[in-house]
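[1] Generate coordinates for the sequence data below:
(one chain, ligands or ions: 1)
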Amino acid sequence: MKRRLKKEQTKLIYIFLFTSFLFTKAQHTVLKNLNLLDVINGKTITGKAISIQNGVITQIDELAKIEITKSTKLIDLENQFVSPGLYDMHLHLPHHHKLDTFLNTILAAGVTNVRIMYSEEDVVKMKKQIDSKTIKPTIYYPYILTDSVDLNQPTELMRVLRETKSKGLQFIKLYSAQTRNDFSETTFLNFMKAANASEITVCGHYPGKIKYPVVAQSGFKSIEHLAVLPNQTDSLLTNYIELTKLNQLYTCPTLDWFNIAYLIPYPKGYLSRVTLYNAPKHYFTKWQKQNKKNAEDFSIDSLKKYQPKFKMAFEKRLTVLKKLHDAGCLLIVGGESELEYQLEGFNVYEEMMIWKKAGIPDAEILKSATYIPSTFFKEQNQYGSIELGKIAQLAIFSKNPLTNIENIKTIHATFLNNTLLLKKDLLK
Ligand SMILES: [Zn+2]
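    Numbers count the residues shown, from 1 in each chain. Have a look, this model is predicted:
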């Protein structure tokens, strides 16, 4: 079974290579009959076509005004909805033997830009393996900074910064930086000062012992999992949210991780997850089995006792997210898929559904999965919206996610490297 799968993947890669070869000379593509999603202003623009030269958007116009030559590849999108490719701002790399399926699944979900926040194996080795592939999402790799590094030692601190750059990694992820006794406010601030001076982005887990105002004003770029916010009094929360906004600190709440980890949908809620709309059946069977085991391990009695508390804590997270949104903070969607009923790439859909439940408007949710994350990496001139001069990495949906974010599940194809990749070909 596995061998057959491998053979099919190889075949797929050859098709990609052949297609890219065919169009190396004539890389002019025109996408016609589409509805364009302006994610910055939350508007749908009808009756346009997009002209793409060598992977870059060169014209957005009525089809009649676009020059079509013999070598132009003309693709009819039959009135579907075209969004900039989605970002998944919190994803873990799998073991290397699962890499091909992982990358294809991400692309099948219309996710074209991925911030990696953890890796099962050496990040640099994985990066090399991914770099050798023709069709892949744009990936941002972390230096994963664990507690084994003593940042009080100037030589160690400098080594981390040096290696981040020399290994071609885009940022430093602070990972479990709360357990070291010698990780003081001075240590943290010295580290942030050196990283800022080297123009290296630092983000990730909340450095546990450091006060929120200190973290917010240090240049730390994004906080994962809402950190300490859900545990504050109302007045402190208001104060911290204000600081989050003022210092342009991004928030990546990864709410679906909590949703699944704390068995919130148990037992029937899983069946309404949007992931099931797209996930191949074999995933469902595997998830059902694992989920049953989790509940048994936890014991049904203790689940009955704790679930209301878990649900309350989860609701609190939704409230915090809504407050961050209402205050105008920078929010980014991250799927953090590693549990049952979660699927890489597609899990940003689940995250989006939870944000909707929290009361965030549909168009704002889509913006947090496209334009806002592009500003995180200061790449809003290349990605994040469909505009002239930007790279044509696009997600194509049958129904409009701007008017109802649940329509995100109607993903049909992803446009990347001048190629239309159909979901049905990528997802196995
Ligand atoms: Zn994570």
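
[2] What separation is there between the closest residue to the ion within the stretch 301-428 of the chain and N196?
    Going by CB to the ion, the ion is nearest to E336 of the stretch 301-428 of the chain, at 5.0 Å. In this view, the C-beta of every residue, glycine as well, is placed from N, C-alpha and C. Remark: distance between E336 and N196 (CB to CB, to the nearest Å) = 27 Å.

[3] more neighbours, those two?
    A count of neighbours by other CB atoms under 10 Å puts E336 above the other of E336 and N196, at 29 against 14.

[4] Quick one: residues contacting the more buried one.
    E336 makes contact with H90, L91, H92, M117, T254, D256, W257, Q342, N347, according to CB atoms under 8 Å, 6 or more residues apart in numbering.

[5] Then T164?
    Y143, F171, I172, I200.

[6] Neighbour count for those residues - can I get that in CSV?
    Formatted as CSV, the contacts of T164 follow (neighbours: other CB atoms under 10 Å):
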residue, neighbour count
Y143, 22
F171, 22
I172, 22
I200, 19
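
[7] Return the subset of those residues lying in helices.
    Within those, no residue falls in helices by DSSP state H.

[8] Up against the ion, what does the stretch 51-200 of the chain have?
    With CB under 5 Å from the ion as the criterion, the stretch 51-200 of the chain meets the ion at residues M117, Y118.

[9] swap the cut-off to 8 Å and go again
    Neighbours of the ion within the stretch 51-200 of the chain, by CB under 8 Å from the ion: H90, L91, H92, M117, Y118.

[10] Kindly reformat these as JSON lines containing neighbour count.
    Below are those laid out as JSON lines (neighbours: other CB under 10 Å):
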{"residue": "H90", "neighbour count": "28"}
{"residue": "L91", "neighbour count": "28"}
{"residue": "H92", "neighbour count": "15"}
{"residue": "M117", "neighbour count": "26"}
{"residue": "Y118", "neighbour count": "16"}
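
[11] Would you mind measuring from the residue of the stretch 301-428 of the chain closest to the ion to V348?
    Separation of E336 from V348 (CB to CB) stands at 10 Å.

[12] how far away is the most far-flung residue of the chain relative to its centre from the ion?
    Most distant residue from the mean C-alpha position of the chain: K70, 37.9 Å away (CA atoms, centre = their mean). As for K70, its distance to the ion is 49 Å (criterion: CB to the ion, to the nearest Å).

[13] Mind pulling the model confidence for that residue?
    K70 carries a pLDDT score of 94 in this model.

[14] What residues sit buried inside the longest helix along the chain?
    Longest among the helix segments of the chain by residue count, using DSSP H, is helix 300-326. Within helix 300-326, the residues that qualify as buried by neighbour count (16 or more other CB atoms under 10 Å) are L303, F310, F314, R317, L318, V320, L321, K323, L324, H325.

[15] okay, the residues you listed in a markdown table with distance to T419 and pLDDT next?
    Output for the buried residues of helix 300-326, formatted as a markdown table (distance: CB to CB, whole Å; pLDDT from 0 to 100):
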| residue | distance to T419 | pLDDT |
| --- | --- | --- |
| L303 | 47 | 81 |
| F310 | 44 | 95 |
| F314 | 40 | 97 |
| R317 | 39 | 98 |
| L318 | 39 | 98 |
| V320 | 41 | 98 |
| L321 | 36 | 98 |
| K323 | 42 | 98 |
| L324 | 37 | 98 |
| H325 | 36 | 98 |
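
[16] closest to F376 among the residues you listed?
    Taking CB to CB as the measure, F376 sits nearest to L324 out of the buried residues of helix 300-326, at 15.3 Å.

[17] For that closest one, list the residues it contacts.
    L229, I241, T244, T251, L331.

[18] from the residues of the stretch 51-200 of the chain next to the ion, which ones fall inside strands?
    Applying DSSP state E to those, the entries found in strands are H90, L91, H92, M117, Y118.

[19] just the helices in the stretch 201-350 of the chain please.
    Assigned by DSSP state H, counting those that start in this stretch, the helices in the stretch 201-350 of the chain fall at 212-216, 234-246, 255-261, 275-278, 281-298, 300-326, 347-357.

[20] Provide the contact partners of the third one at residue level.
    What that stands for is helix 255-261. Contacts of helix 255-261 (CB under 8 Å, 6+ apart): 225, 264-265, 313-314, 317-318, 321, 335-342, 347, 350-351, 354-355, 358.

[21] Which pLDDT value belongs to the residue of the stretch 301-428 of the chain closest to the ion?
    94.
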